[in-house]
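requesting a structural model of the entry that follows:
(2 chains)
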Amino acid sequence: MAHVLEQGDTTLTETGAAQVSGLIGSLDPRIRILAAIGFGIVVVGLSSLNALCAAMLLSAALLWASRLPLGPTLKRMAMMDGFIIFMLVLLPFSIPGDPIFTLWGFAASWQGLWRAVEIALTANAVILALMTLVGTMEPVTLGHALYKMRVPEILVHLLMFTIRYIEVLREEYLRLRSAMKVRGFRPGTNWHTYRSFGYLVGMMLVRAIERSERILGAMKCRGFSGRIYLLKDFALTAADRRFSLIFVIAMALLICLELAWR
Amino acid sequence: MHIVDGALSNTVVIVGAVAAAGGIAMGLRSLTLERIPTAGVLSASFFVASLIYVPVGPSSVHLIMNGLAGILLGWAAFPALFVGLLLQAIFFGFGGLTVLGVNTVNIALPAVVVGLILRRLVASGTPVAGAIWAGIGGALAIALTTGVVAISLAASGDEFIPAAKLVFFAHIPVMVIEGLLTGFAILLARKVKPELFETVKGVHA
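You can find the predicted model right below:
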């Protein structure tokens, strides 16, 4: 996944960093999480091409409203397509039906092609909506919103710890890698490379555990009792209600479109 | 090895979600207040490990290290790996939303199985013996993961059987590499910080 992160790119937004404003940014985080889940469930249930194209357009509209940078976001979406491309390419050959063409004796079918297009549209629409609705949140806000939505406290703690330390540990990893590099380490397909990478992972884990001991000490010193304290309360505004109403209508339209073109 | 939205049948998605919820609940029960920082920092470490690319011939693979997660965290590997997958989906767009349960089970169940079987063997004996068991565990976890991925694809429809086979065979080099790296990682940890395997045991309790 390293190729997703470019030079100077951080893994997640920093706490307190300037937030992407725009229509989506000002909405209640809980509404955004619920909207993403609702969208996911509805779109996975769709199967007609018209409805799926409409869902894709809706995701694109959300992307526009979120004011996320277009290029990098679409590039990340394309990364995911890179992973599933093999499965999609195989589908026309593994679903029997009316042939389009034959390749080395294997027939590609129209039914298989449509199924592949359907999966690609669903996957892209849902992941784009998730990235624009939830991915634009400050990670700590995400944790607090999930806690407000009655996600178990310990799971929220785990999520917030992970978010907090991913960037710290990634910097440590990059430090270790540059230390290897200045000693002339060049990765290749050989025993030495695998041993070095193994030691690298081992060293990262040992340091991570030692770090966690220090964190626990520091937290205990400040009276950690496992409670989550919210810095600000969430409240629904008129804009949240308007967005929810429009979103529910859009979902209903998607379902109507699906039923009409079945 | 992420599965995306829209590919699996509803039954598989629901079974996956229920199983993942059960596994996460088991994992959370084993996490006491004292263990939250360790599990959280390890969860972040495994997220960072998945950013590491290792060369294999002309290509490269990224690490998964779920066997190592299972050995170190036991049942707590379930919520820890779930959190990693959730963040990958939200912030990187990897995987999907409705398939989060299935993806969690595919990665975390093999981790827990390997952890429960091999934990004692890895922690006892000489460091080299422990490392060899860990290596077996690392390879086994990937083999099991591809197996479960193949099952979830095949259970969704016969049309995915070629893709399921492809997933399995494409991951044979990954199994070898994960095995080697897990072994060496444990070898280093056993030598540098032998008491780690005493402290970590508390997570499983």
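
CA atoms for contacts and neighbours, from now on please.
Will do.

tell me where chain A is predicted with low confidence.
A:1-21, A:105, A:262 (pLDDT under 70).

domain map for it?
Using automatic domain parsing, the domain parsing of chain A gives A:16-137+A:234-260, A:151-221.

got a list of what residue A:54 touches?
Contact analysis of residue A:54 by Cα atoms under 8 Å, 6 or more residues apart in numbering or on different chains lists residue A:254.

give me the element it is part of.
Per DSSP states H and E, residue A:54 falls inside helix A:49-66.

element containing the closest residue to chain B within the stretch 51-200 of chain A?
Using Cα to the nearest Cα, the single residue of the stretch 51-200 of chain A nearest to chain B is residue A:198, 4.1 Å away. Assigned by DSSP H and E, residue A:198 belongs to helix A:191-221.

return the set of buried residues in that helix.
A:193-209, A:212-213, A:216 (16 or more other Cα atoms under 10 Å in any protein chain shown).

re the thing from before, right, and the residue of the stretch 51-200 of chain A closest to chain B touches residue B:185 too?
Yes - assessed by Cα atoms under 8 Å, residue A:198 is found in contact with residue B:185 at 4.6 Å.

for residue A:112, which non-adjacent residue is spatially closest?
Once flanking residues are discounted, residue A:112 sits nearest to residue A:92: 3.7 Å by Cα to Cα, 6 or more residues apart in numbering or on different chains.

quick one: list the elements packing against the helix or strand hosting the one you found.
Element membership for residue A:92, per DSSP H and E: helix A:70-94. With contacts taken as 3 or more Cα pairs under 8 Å, 6 or more residues apart in numbering or on different chains; DSSP states H and E, helix A:70-94 sits against strand A:106-109, helix A:110-133, helix B:161-170.

let's see 6 Å
strand A:106-109, helix A:110-133 (3 or more Cα pairs under 6 Å, 6 or more residues apart in numbering or on different chains; DSSP states H and E).

can you list contacts of it?
The contact list for helix A:70-94, computed with Cα atoms under 6 Å, 6 or more residues apart in numbering or on different chains, reads A:107, A:108, A:109, A:112, A:113, A:116, B:94, B:159, B:163.

closest one to residue A:148 out of those, please.
Closest approach between the contacts of helix A:70-94 and residue A:148, by Cα to Cα: residue B:94, at 25.6 Å.

picking up where we left off before, and the helix holding residue A:198, what does it pack against?
By 3+ Cα pairs under 6 Å, 6+ apart, helix A:191-221 packs against helix B:172-192.

quick check: buried residues in the helix it packs on?
B:174-190.

also stretch A:58-76?
So, applying 16+ other Cα under 10 Å, buried residues of stretch A:58-76: A:58, A:59, A:60, A:62, A:63, A:64, A:65, A:66, A:67, A:68, A:73, A:76.

ok, back up a step: filter the buried residues of helix B:172-192 by proximity to chain A?
With Cα under 6 Å from any Cα of the partner chain as the criterion, the buried residues of helix B:172-192 include B:181, B:184, B:185, B:188, B:189 near chain A.

let me see the contact set for the second one.
When contacts are counted by Cα under 6 Å, 6+ apart, residue B:184 is found next to A:198, A:199.

and it, how close does it get to residue B:63?
Per Cα to Cα, to the nearest Å, residue B:184 is found 14 Å from residue B:63.

A helix includes residue A:32, no?
Yes - counting by DSSP: H, G, I helix; E, B strand; the rest coil, residue A:32 is part of a helix.

check the burial of the nearest residue to it once chain neighbours are set aside by counting its neighbours.
Residue nearest to residue A:32 in three dimensions, not counting chain neighbours: residue A:133, with 5.4 Å by Cα to Cα, 6+ apart. Residue A:133 has 27 neighbours, counted by other Cα atoms under 10 Å in any protein chain shown.

ok, residue A:187 - contacts?
residue A:193.

determine the three-state secondary structure at it.
Residue A:187 ends up coil, using three-state DSSP.

can the helix or strand in which residue B:141 is found be found next to chain A?
Per DSSP H and E: residue B:141 is located in helix B:127-154. No - using Cα under 6 Å from any Cα, helix B:127-154 stays clear of chain A, coming no nearer than 10.3 Å.
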